[in-house]
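Novice: build me a model from this:
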Amino acid sequence: MGDYPSRSTNATAGGSGVTGRHARSAGNGVSPSSYQEPPIGGGGAPLQRKARFSMESGFRGLSVSAGAMVLVIIVAIAIFLISKAIPALQANTANFFTYEKWFPNDAQPNFGIASIAFGTVLSSVIALIVAVPIALGIALFLSHYAPKRLANPLGFVIDLLAAVPSVVFGLWGRDVFSEPVTNFSVWLNHYFGWIPLFGGDGPFGRSVMLGSLVLAIMVLPIVTSLSREVFQQTPGMNEEAALALGATKWEMIRTAVIPYGKPGVIAAVMLGLGRALGETIALALTLGTVFNISFNLIQTGGNSIAANIANTFGEANDIGRGALIASGLVLFAITLVVNMAARAIIYRRREFRDSAA
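Specialist: Numbering: from 1, shown residues only. Reported below is the predicted structural model:
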């Protein structure tokens, strides 16, 4: 019989001792000095140390840099506008915020922002009053009423409308749309002339109404597209629950779809308002370029900050260009305030909805 070198002396005497080669598999008689704890993490493999510069940290740094760059650009624009506007404001002999006329090229410059700021806000608000109800109706029709084979082509046409250049809208409004708007203005003046909005003896044509209607057509696809996307994101369970409780389709939309999408609709409206406030060429071609404050919508007149810059920049001297830049600074401030107000409204509604949930 051969020798068994793996057996110890105690094992020959009937003991239970096992050599180190069989200690781990036997499970008994393992000496403390030969046993090693397995590494934490399982599988016998040590945990990998976290890389110093991972993809996640790199992307975070890139995102923070992009956001900071936006703020830097905004501050740089504000600094540029202020620095260029200060000489003209110092040379101005009238109150910049309350004076209605615009004569920055005179020997004694006198100009003010009151009339063109008023016209900017008035035309934009009227455009939203006309466009928003139509846009929401189209969005609800495309998202909940129209069959898919009809909704997709109509949605594509509306999205395509947003790609039409503003100069095309302006030329169309001046050369084609002006005549029916003039006839409609005459009709309003004849039957509703006792209302100050539609009073006056004429002439009618290039007016706030014409510019506002053209602006409404330009804002329409933006509000429609965003509102349609928001309405389509309504959870199906909310709609099915409303229908299961016996609601009609309109009641389901009123109680489940519109409340859920209201923050998105507000954002869409505010985006459309920002688009309307900054419109230039279309209003330059359709407004009457009159520097006065009037609520009359149908008489020839109206003006806006952007349209005034486009119409008078070519003939402006140094003071005149500084005055136009100062008006651009006011438009910049108005747009900034509108965007901040929209963000605050959306945040408050989201906070209220989250707390209610």
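Novice: please make it C-alpha for all contacts and neighbour counts, starting now.
Specialist: Fine.
Novice: and the contacts of the helix or strand hosting residue 153?
Specialist: Here residue 153 is covered by helix 148-161, with elements defined by DSSP states H and E. Under the contact criterion Cα atoms under 8 Å, 6 or more residues apart in numbering, helix 148-161 has outside partners 142-143, 218, 221-222, 224-225.
Novice: and the helices in the stretch 51-200 of the chain?
Specialist: For the stretch 51-200 of the chain, applying DSSP state H, counting those that start in this stretch gives helices covering 55-91, 114-140, 148-161, 166-172, 178-192.
Novice: nearest to residue 280 among these would be which one?
Specialist: With Cα to Cα, the closest approach to residue 280 among the helices of the stretch 51-200 of the chain belongs to helix 166-172: 8.1 Å.
Novice: contacts only, for the closest residue to residue 328 other than its chain neighbours.
Specialist: The shortest distance from residue 328 to any non-neighbouring residue, by Cα to Cα, 6 or more residues apart in numbering, is to residue 305 (7.0 Å). Taking Cα under 8 Å, 6+ apart, we find residue 305 in contact with 116-117, 119-120, 327-328, 331.
Novice: for those residues, which one is nearest residue 128?
Specialist: Closest to residue 128, out of all of those and judged by Cα to Cα, is residue 120, at 12.5 Å.
Novice: which residues touch the closest residue to that closest one other than its chain neighbours?
Specialist: Excluding the flanking residues, the one nearest residue 120 by Cα to Cα, 6+ apart is residue 304, at 4.4 Å. Residues in contact with residue 304 (Cα under 8 Å, 6+ apart) are 116-120, 283.
Novice: over to residue 304: give its phi and psi.
Specialist: When read as degrees, to the nearest 10, the backbone of residue 304 gives phi -140, psi 170.
Novice: what pLDDT is listed against it?
Specialist: pLDDT for residue 304: 92.
Novice: please apply the same query to residue 5.
Specialist: On the pLDDT scale, residue 5 gets 47.
Novice: and residue 321, by the same measure?
Specialist: pLDDT, residue 321: 92.
Novice: quickly find the element holding it.
Specialist: Element membership of residue 321 [criterion: DSSP H and E] is helix 318-356.
Novice: isn't residue 335 up against residue 277?
Specialist: Yes: using Cα atoms under 8 Å, residue 335 is in contact with residue 277, at 7.3 Å.
Novice: higher neighbour count, those two?
Specialist: residue 277 (26 against 18; other Cα atoms under 10 Å).
Novice: quick one: that one from residue 100, how far?
Specialist: 19 Å (Cα to Cα, to the nearest Å).
Novice: point out where the stretch 1-150 of the chain drops to low pLDDT.
Specialist: Applying pLDDT under 70 to the stretch 1-150 of the chain flags the ranges 1-53.
Novice: neighbours of residue 214, how many?
Specialist: Neighbourhood size, residue 214 [other Cα under 10 Å]: 24.
Novice: in the protein, which residue is most central in space?
Specialist: The C-alpha lying nearest the average C-alpha coordinate of the chain belongs to residue 271 (Cα atoms, centre = their mean; 4.6 Å).
Novice: show me the contacts for it.
Specialist: 222-223, 339.
Novice: residue 212 against residue 123, yeah?
Specialist: Yes: here residue 212 reaches residue 123: they are 5.0 Å apart, a contact under Cα under 8 Å.
Novice: buried residues in stretch 66-85, which are they?
Specialist: Neighbour-count burial for stretch 66-85 flags 81-82, 84-85 (criterion: 16 or more other Cα atoms under 10 Å).
Novice: ignore the last one, stretch 172-180
Specialist: Residues of stretch 172-180 classed as buried by neighbour count (16+ other Cα under 10 Å): 172-174, 177-179.
Novice: contacting residues around that stretch?
Specialist: Residues from elsewhere that reach stretch 172-180, judged by Cα under 8 Å, 6+ apart: 205-206, 210-211, 214, 282, 285-286.
Novice: try 6 Å this time
Specialist: The contact list for stretch 172-180, computed with Cα atoms under 6 Å, 6 or more residues apart in numbering, reads residue 286.
Novice: now the strands: where do they sit in the stretch 201-350 of the chain?
Specialist: For the stretch 201-350 of the chain, no strands are identified by DSSP state E, counting those that start in this stretch.
Novice: now do the helices for it: every range, in order, please.
Specialist: Ranges of helices in the stretch 201-350 of the chain, per DSSP H, counting those that start in this stretch, are 208-232, 236-244, 249-252, 258-277, 281-286, 305-312, 318-356.
Novice: out of these, flag the one nearest residue 133.
Specialist: Closest to residue 133 of the helices of the stretch 201-350 of the chain, according to Cα to Cα: helix 208-232, at 9.6 Å.
Novice: just the angle between that closest one and helix 114-140, please?
Specialist: 40 degrees (axes from the mean of the first three to the mean of the last three Cα atoms, to 10 degrees).
Novice: helix 208-232 - contacts with which helices or strands?
Specialist: In terms of contacts (3 or more Cα pairs under 6 Å, 6 or more residues apart in numbering; DSSP states H and E), helix 208-232 is packed against helix 114-140, helix 258-277.
Novice: again, only using 8 Å
Specialist: If contacts are counted by 3 or more Cα pairs under 8 Å, 6 or more residues apart in numbering; DSSP states H and E, helix 208-232 sits against helix 114-140, helix 148-161, helix 166-172, helix 178-192, helix 258-277, helix 281-286.
Novice: fine by me, thanks again.
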